[in-house]
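Colleague: Following is a predicted model, sequence given first.
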Protein chains: 2
Amino acid sequence: MSATIRDVAKASGVSVGTVSRYLNGHVLKKENMKKIEEAIKTLNFEENMIAKGLRHKKTRSIGVLINSLTDVFATSIVTYLENYLEERNYTLILGDYQNDYNRLEKKLEFLKSRSVDGVVVFHLEHKLPVLEKYKEDKIPVIAVDSPIRDFVTDVVVVNNHKASYEAIGKLIEKGHEEIGIIAGTQDRYIGYNRLEGAVKKLEEFHLYNPKMIKIGDYLQESGYKLTKELLQENPEITALYTMNYYMTLGAVQALLELRKKIPEDISIIGFDNFALTDIIQPKLTVVAQPVQKIGETVGKLILEDIEAGEFTQNKQVHLETEFLLGDSVENRITQ
Amino acid sequence: MSATIRDVAKASGVSVGTVSRYLNGHVLKKENMKKIEEAIKTLNFEENMIAKGLRHKKTRSIGVLINSLTDVFATSIVTYLENYLEERNYTLILGDYQNDYNRLEKKLEFLKSRSVDGVVVFHLEHKLPVLEKYKEDKIPVIAVDSPIRDFVTDVVVVNNHKASYEAIGKLIEKGHEEIGIIAGTQDRYIGYNRLEGAVKKLEEFHLYNPKMIKIGDYLQESGYKLTKELLQENPEITALYTMNYYMTLGAVQALLELRKKIPEDISIIGFDNFALTDIIQPKLTVVAQPVQKIGETVGKLILEDIEAGEFTQNKQVHLETEFLLGDSVENRITQ
DNA sequence: CTGAAAGCGCTTACAG
DNA sequence: CTGAAAGCGCTTACAG
């Protein structure tokens, strides 16, 4: 069995309190420090974080709940978040909830019973009962990708509305007037914000046509199917705007199967910039989300909240997306 | 603050021991059970797993260390593993080590200080000092994707050698004689096993030619670059075998850029079957690893080991890969 | 079936 | 600077 602080105390002839102080960086008599150091080495002593956590009610662990472990948008952010936290000596406990809020509720209970110091939840749209308990115990909660309805807390989102508004603007600039859209379900924050931004721009140019908008479920399969439907029903479409990564992939897959050349036959602006965007020919023009910035901002906020010790969370951080120019948009302006 | 077992005891007029027993499923006087139940409800009592963990030295948590959180091979396995563990009331603490064994060592120390009941490590090739401490404290370790050199423990791998042997067999059957290979670095278990299997088959048919083998680093970028080099140096190649997912993606990207038609100009067999394989036209023929089976096997093994309480781990599980037929291999047999 | 008490490994006011 | 002691929230032999 591992040595405890008591063993170290015995071996070095001081009290356990003194060993504890040494471990926590207090200064003590040089002589004692030496002895303790040696004892630690020979006994192969390692601190027990569980016991520590029980004492001062901090575990230096942060729960992170994402929808799916294979969603590269979320895992990219988590990678940066983990880096940030690790440097500051926090562990991250990562779980997924597979789009099931009951499961999410259970995992939040679970994390709470493990005394996490804070929790980060991705795209949670509305309040869950367990969140009230977090609030009662002043455990910070950070919402990523979507605010939580009826629950005030810190939120990190991107400028979805504006991003879409500008993406459609680019297409219009290039002379496109028949623009198809693959949006996401409107029960989600990113779903309606991204769509509203697009619609606003279309309306400004009197190009809005609800028939050219399909609502998918954010997965590749739906991007694939809806693109096929959309083009069959509206063969006049010259440009496509797809509102998340996996639906963008599905759309590209559909275009390839339909033997539509990008951008000669059809232009496309997608969302997010991961491995796949490189593989697709030609290089896609996309709205890129600042995943590193998101991860680090989340880390910063949660550690601030933890240190503050108060549940006074109502910071709203809106990060800017970036427009990455590829070769998937054709200029239709002839002159 | 949350209520404790002591508050519940007071509120229901029994001792804390009795409440503890109730919580652990012992049967007691009906009257007392009722009272305790009520007290729990009105006080909103939740168990403190940290305190529990400190007492009986089990935390019901399992550490899992993978190379990268954005590696879909690993996260797919972890998804199934998490499901398996969650059903059995274990939490998973997931971390990445970014291909840096120092970092891995640190994270293993960290997990140990958090008293995980067991640990799962992906593609760790050789022993790390901290593993001896795990062994001393009888904390089970499961190695996935590669055995750990000089350290006997439970291992879950796939039949890499055989998979490659058969993949090359398929190409030869179809009449290919100039076969290029994008392998992975030979310091890794999967690297040399997959390559050896391929070479063995090639040698049996006297088709082995070291000039047609490139060694990459398992990332998309290297698959991309090496495919270009390979084809430039060996324009006679009619078929390609790429030995992991991301290098397969890179290879496809290179072929697209080179305007090589698959399979007319060049046939390809890749590795692993995730989102991307669907998007590529034509559908790729690949060696698929049984990710669900791997995840569940790992879960089964580690829980067995934990229950056994002994560090007598030397089980070697070899799982079978599956050959998924796509349309990326052309038949060259003319007759 | 249940209570009193010791203990899991650590921290921290209180004295000195 | 340091020791003795109480306590974090729970469990579990020991009696009864």
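Modeller: Arrived safely, thanks for sending.
Colleague: where does the residue of the stretch 1-150 of chain A found nearest DNA strand D land in three-state SS?
Modeller: Closest to DNA strand D within the stretch 1-150 of chain A is A:Leu28: 2.4 Å, counting by Cβ to the nearest atom of the strand. Heads up, the C-betas are built off the backbone N, CA and C, glycines and all. At A:Leu28 the chain is in coil, as set by DSSP: H, G, I helix; E, B strand; the rest coil.
Colleague: just checking, it touches A:Gly17?
Modeller: No: with contact defined as Cβ atoms under 8 Å, A:Leu28 does not reach A:Gly17; the gap is 10.5 Å.
Colleague: Neighbour count: these two, which is higher?
Modeller: Neighbour totals were compared for A:Leu28 and A:Gly17, and A:Leu28 leads with 13 against 10 (other Cβ atoms under 10 Å in any protein chain shown).
Colleague: residues contacting the more buried one?
Modeller: Applying Cβ atoms under 8 Å, 6 or more residues apart in numbering or on different chains, we find A:Leu28 in contact with A:18, A:21-22.
Colleague: One more: A:Asn193?
Modeller: A:160-161, A:164.
Colleague: what's the helix or strand for it?
Modeller: Per DSSP states H and E, A:Asn193 falls inside helix A:189-204.
Colleague: Which is the succeeding secondary structure element to that helix?
Modeller: That would be, after helix A:189-204 and using DSSP H and E, strand A:213-216.
Colleague: Could you give the bridge partners of A:Gly118?
Modeller: As for beta bridges, A:Gly118 partners with A:Ile62 under DSSP bridges.
Colleague: Okay, buried residues for the strand or helix carrying A:Lys225 please.
Modeller: Using DSSP H and E, A:Lys225 sits within helix A:220-233. Using 16 or more other Cβ atoms under 10 Å in any protein chain shown as the burial criterion, the residues of helix A:220-233 that qualify are A:220-228, A:230-231.
Colleague: and what of stretch A:269-282?
Modeller: Residues A:269-281 are the ones in stretch A:269-282 that count as buried (16+ other Cβ under 10 Å).
Colleague: where do the strands sit along the stretch 51-200 of chain A?
Modeller: For the stretch 51-200 of chain A, strands defined by DSSP state E, counting those that start in this stretch occupy the ranges A:61-66, A:91-96, A:118-122, A:141-144, A:154-158, A:179-184.
Colleague: Determine the three-state secondary structure at A:Ser328.
Modeller: Secondary structure, three-state DSSP: A:Ser328 is coil.
Colleague: My guess is it contacts A:Lys260. True?
Modeller: No: assessed by Cβ under 8 Å, A:Ser328 is found out of contact with A:Lys260, at 11.5 Å.
Colleague: which one of these two has more residues nearby?
Modeller: Just comparing A:Ser328 and A:Lys260: by other Cβ under 10 Å the higher neighbour count belongs to A:Ser328, 24 against 18.
Colleague: so what's the more buried one up against?
Modeller: The contact partners of A:Ser328, by Cβ under 8 Å, 6+ apart, come to A:262-263, A:267-270, A:282-285.
Colleague: let's see 6 Å
Modeller: Neighbouring residues of A:Ser328 by Cβ atoms under 6 Å, 6 or more residues apart in numbering or on different chains: A:262-263, A:268, A:282, A:284-285.
Colleague: Present these as JSON lines; the columns should include secondary structure and distance to DNA strand C.
Modeller: Output for the contacts of A:Ser328, formatted as JSON lines (DSSP: H, G, I helix; E, B strand; the rest coil; distance: Cβ to the nearest atom of the strand, whole Å):
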{"residue": "A:Ile262", "secondary structure": "coil", "distance to DNA strand C": "59"}
{"residue": "A:Pro263", "secondary structure": "coil", "distance to DNA strand C": "61"}
{"residue": "A:Ile268", "secondary structure": "strand", "distance to DNA strand C": "56"}
{"residue": "A:Pro282", "secondary structure": "coil", "distance to DNA strand C": "58"}
{"residue": "A:Leu284", "secondary structure": "coil", "distance to DNA strand C": "52"}
{"residue": "A:Thr285", "secondary structure": "strand", "distance to DNA strand C": "54"}
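Colleague: Closest one of the residues you listed to B:Leu256?
Modeller: Closest approach between those and B:Leu256, by Cβ to Cβ: A:Pro282, at 9.7 Å.
Colleague: And the closest one, how far from B:Glu257?
Modeller: 10 Å (Cβ to Cβ, to the nearest Å).
Colleague: Likewise for A:Leu104?
Modeller: Separation of A:Leu104 from B:Glu257 (Cβ to Cβ) stands at 42 Å.
Colleague: just A:Leu94 next, same as before
Modeller: Separation of A:Leu94 from B:Glu257 (Cβ to Cβ): 36 Å.
Colleague: With neighbour numbers in mind, choose between those two.
Modeller: Per other Cβ under 10 Å, whichever of A:Leu94 and B:Glu257 has more neighbours is A:Leu94, with 27 against 13.
Colleague: Report the secondary structure state of the residue of the stretch 151-300 of chain A found nearest DNA strand C.
Modeller: Per Cβ to the nearest atom of the strand, A:Gly299 is where the stretch 151-300 of chain A lies closest to DNA strand C, at 23.7 Å. Secondary structure for A:Gly299, judged by three-state DSSP, is helix.
Colleague: likewise A:Gly295?
Modeller: Here A:Gly295 takes the helix state, with states given by three-state DSSP.
Colleague: which residue sits closest to it, ignoring its sequence neighbours?
Modeller: Counting by Cβ to Cβ, 6 or more residues apart in numbering or on different chains, A:Tyr80 is the residue found nearest to A:Gly295 once chain neighbours are left out, at 2.9 Å.
Colleague: With A:Gly223 instead?
Modeller: Nearest in space to A:Gly223, with sequence neighbours left out and distances taken as Cβ to Cβ, 6+ apart, is A:Gly250 at 2.6 Å.
Colleague: Pull the number of nearby residues for the one you found.
Modeller: Counted with other Cβ under 10 Å, A:Gly250 comes out at 28.
Colleague: what packs against the helix holding A:Lys225?
Modeller: In terms of contacts (3 or more Cβ pairs under 6 Å, 6 or more residues apart in numbering or on different chains; DSSP states H and E), helix A:220-233 is packed against strand A:179-184, strand A:213-216, helix A:245-257.
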